[in-house]
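**Student:** Quick one, fold the following:
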Amino acid sequence: MSSNFHAPPVPPSDEIDLVALFQAVWQQKRLIAFCTGVFGLISVAFAFLVTPEYQVSSVLRPAAINELDALNRSEIYQLPPGEALKKVGAALESYNTRLGFFRANQKLFQEFVRPGRTLEQSFEAFNHDSINLILPSAKNADSLSSYIKLEMNYPKGVDGVAILNGFVTYAIASERQKIAADMDIIVKNRLNELSGKLDAARASYDSDKEARIASLRESDNLRRAQLRDELKALRSQLKNLRADRMAQLNEAIGIARTLGIKKPATPSSLGEAQQSGSKSVMRTEINNQHIPLYFMGIDALDAEKTALVQRTSDDFTEGRIAQIAKELQLLLSNREIEVLNRRENEEIFLSGVQPLRAEVARLRNLNLDMSRLTLVAIDKQALEPLSPIKPKRLVIIIVGLIIGALLSIVLALVINRTRSKWRVLYPYPKTKLSTDSAQ
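**Tutor:** Residues are numbered from 1 along each chain as shown. Next up is the predicted model:
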């Protein structure tokens, strides 16, 4: 018996048959192995052909206090170790410092130079991608953890160790030169300031000296004028006294002539002369009253008057006139003025300049060797790395194998799905099914 049989179509199902998926994948195991191997070979080639990239680092810490003691004891420039580290860090981060090192060491940067680029453009590429400055976090920004770390990434063929160590040395030297220049400017400004103060002291001394001389001369002139006025007044007074004396003598001479007193006499002797007697008598006269001038007698009074008339100067009669003459003679020359004018080294007479001169001498004798000034301590220098940081070859190979395996599995599932749909749309040709009932 024979009949025609048509396989009914398989209804679609939303459930995933894991066994069927596994079987479908297993059927394409050769394809999966092939694709995974291809991707593995590609990843291996990439891992070993890509240019390796290395990393070096250098760590700087604050210098010891005694390294900066000479600079700080100069009392001109105060630089604590922490501030020195910050200055060096600023120099390491400075664009100008990096560009200056790039220009000064172009042989070390041949790998970064590209055709068609200027020197600054080549440096910009190096500066942006290669050097990284690392500072301590704010949580650990205490004196014990103060440091500056400088990292540099560079491709194979570049002497990164020489570049990083040379750059650190260049930045420290650059900052040292800046400090030396600042020191020179500060010292020059301080010396100029002290020189100005010394000039002001000299000007003040000259002014005081001139004022002192003028004051002495004025005082001498005033004293001389006063003495001359006094002398003139005294002479006038003596002249008047002499005239008064002559008037008194004229009056007394007239009285004496009237009384007939030719020789000096006393009132008692004048009375006795008018009495007669032969007896010799000795008398003692006690009288506390002033005896009139005419008792001197005509002879004595005429003699005194004649002398007064013949007198040409009355100076000898007053002792003060001799003293005035002495003082006038002394005032002809002022010895203090002469001494002031004869001073040869007037610098020693300047007042209040000893501290200034001592400071000038100290500044001029500063012997700070800035070339040996240690600004920071290099805690770690850049050393030749043992292995590159890029590429991670094992990771690349494993990732490549995984990607290849996943893509090949997806491809196997897609192939299996496509075949299933093709069978549904185009089934196999009709076949005869014969059964032999006799059998």
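
**Student:** Can you tell me the element the residue nearest to L150 when sequence neighbours are not counted falls in?
**Tutor:** Leaving aside its sequence neighbours, L150 sits nearest to S58 (Cβ to Cβ, 6 or more residues apart in numbering; 4.9 Å). (C-beta placed from N, C-alpha, C; glycine too.) S58 is part of strand 53-62, with elements assigned from DSSP states H and E.

**Student:** Test my guess that the residue nearest to L150 contacts Q381.
**Tutor:** Yes - using Cβ atoms under 8 Å, S58 is in contact with Q381, at 5.8 Å.

**Student:** which neighbours do these two share?
**Tutor:** N165, V168 (Cβ atoms under 8 Å, 6 or more residues apart in numbering).

**Student:** which one of these two has more residues nearby?
**Tutor:** Shown here are S58 and Q381; by other Cβ atoms under 10 Å, S58 has more neighbours (21 against 14).

**Student:** Tell me who's in contact with the more buried one.
**Tutor:** K149, L150, L164, N165, V168, I378, K380, Q381, A382.

**Student:** per-residue confidence at the third one?
**Tutor:** Here, the pLDDT recorded for L164 equals 89.

**Student:** ditto for the fifth one
**Tutor:** In this prediction, V168 carries a pLDDT score of 92.

**Student:** In terms of pLDDT, where does the closest residue to it other than its chain neighbours sit?
**Tutor:** Counting by Cβ to Cβ, 6+ apart, S58 is the residue found nearest to V168 once chain neighbours are left out, at 5.4 Å. At S58, the predicted lDDT confidence score is 90.

**Student:** Next, work out how far apart S58 and I65 are.
**Tutor:** 23 Å (Cβ to Cβ, to the nearest Å).

**Student:** what's the answer for R117, then?
**Tutor:** For R117 relative to I65 (Cβ to Cβ), the value is 46 Å.

**Student:** quick one: which of those two has more around it?
**Tutor:** R117 (13 against 10).

**Student:** Now do the contacts for the more buried one.
**Tutor:** A125 are the contacts of R117 under Cβ under 8 Å, 6+ apart.

**Student:** Assign a three-state SS to it, would you?
**Tutor:** Assigned by DSSP: H, G, I helix; E, B strand; the rest coil, the conformation of R117 is coil.

**Student:** Can you say which helix or strand has the residue lying closest to R114 once chain neighbours are set aside in it?
**Tutor:** Excluding the flanking residues, the one nearest R114 by Cβ to Cβ, 6+ apart is S122, at 6.2 Å. Assigned by DSSP H and E, S122 falls within helix 119-129.

**Student:** quick one: average confidence on the helix or strand just after that helix?
**Tutor:** Next in sequence after helix 119-129, counting helices and strands by DSSP H and E, comes strand 131-134. With pLDDT averaged residue by residue, strand 131-134 scores 83.

**Student:** if we can go back for a sec, gap between the residue nearest to L150 and V88?
**Tutor:** Distance, S58 to V88, by Cβ to Cβ: 11 Å.

**Student:** low pLDDT regions in the stretch 101-250 of the chain?
**Tutor:** Residues of the stretch 101-250 of the chain that meet the criterion pLDDT under 70 lie in 138-145.

**Student:** how about the strands of it, start to end?
**Tutor:** Applying DSSP state E, counting those that start in this stretch to the stretch 101-250 of the chain gives strands spanning 131-134, 148-155.

**Student:** quick one on the thing from earlier: quick check: ChimeraX command selecting the buried ones in the contacts of S58.
**Tutor:** This is how ChimeraX selects the buried members of the contacts of S58, with burial counted by 16 or more other Cβ atoms under 10 Å:
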select :150,164,165,168,378,382
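
**Student:** Switch the contacts of S58 over to TSV; also include distance to K263.
**Tutor:** Output for those, formatted as TSV (distance: Cβ to Cβ, whole Å):
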residue	distance to K263
K149	134
L150	133
L164	136
N165	133
V168	129
I378	128
K380	134
Q381	133
A382	137
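
**Student:** Among the contacts of S58, give me the pair with the biggest separation.
**Tutor:** K149 and N165 (14.0 Å; Cβ to Cβ).

**Student:** can you pull out the helices in the stretch 151-300 of the chain?
**Tutor:** Taking DSSP state H, counting those that start in this stretch, the helices of the stretch 151-300 of the chain run over residues 160-259, 267-273, 297-310.

**Student:** and if you look at the stretch 1-150 of the chain?
**Tutor:** For the stretch 1-150 of the chain, applying DSSP H, counting those that start in this stretch gives helices covering 18-27, 29-49, 69-73, 81-93, 95-104, 119-129.

**Student:** Would you mind listing the buried residues in the longest one?
**Tutor:** Under the neighbour-count criterion of 16+ other Cβ under 10 Å, helix 29-49 has I32, C35, T36, F39, G40, S43, A47 buried.

**Student:** With pLDDT and distance to K188 as extra columns, can I get those residues in a markdown table?
**Tutor:** A markdown table is the format used below for those (pLDDT from 0 to 100; distance: Cβ to Cβ, whole Å):
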| residue | pLDDT | distance to K188 |
| --- | --- | --- |
| I32 | 76 | 82 |
| C35 | 80 | 78 |
| T36 | 80 | 77 |
| F39 | 79 | 72 |
| G40 | 78 | 72 |
| S43 | 77 | 67 |
| A47 | 66 | 62 |
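
**Student:** Format the residues you listed as JSON lines; extra columns: distance to K326.
**Tutor:** Formatted as JSON lines, the buried residues of helix 29-49 follow (distance: Cβ to Cβ, whole Å):
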{"residue": "I32", "distance to K326": "140"}
{"residue": "C35", "distance to K326": "137"}
{"residue": "T36", "distance to K326": "135"}
{"residue": "F39", "distance to K326": "131"}
{"residue": "G40", "distance to K326": "131"}
{"residue": "S43", "distance to K326": "125"}
{"residue": "A47", "distance to K326": "121"}
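
**Student:** wait, which of these is closest to K262?
**Tutor:** Closest approach to K262 among the buried residues of helix 29-49 (Cβ to Cβ): A47, at 163.7 Å.

**Student:** how about I291, what does it touch?
**Tutor:** Here I291 is in contact with T266, P267 (Cβ under 8 Å, 6+ apart).

**Student:** on that earlier part again, looking at the strands of the stretch 101-250 of the chain, which is nearest to A211?
**Tutor:** Of these, nearest to A211 by Cβ to Cβ is strand 148-155, at 62.2 Å.

**Student:** sorry, back to before: can you check which of the helices of the stretch 1-150 of the chain gets nearest to R176?
**Tutor:** Of all those, helix 81-93 comes closest under Cβ to Cβ, at 9.2 Å.
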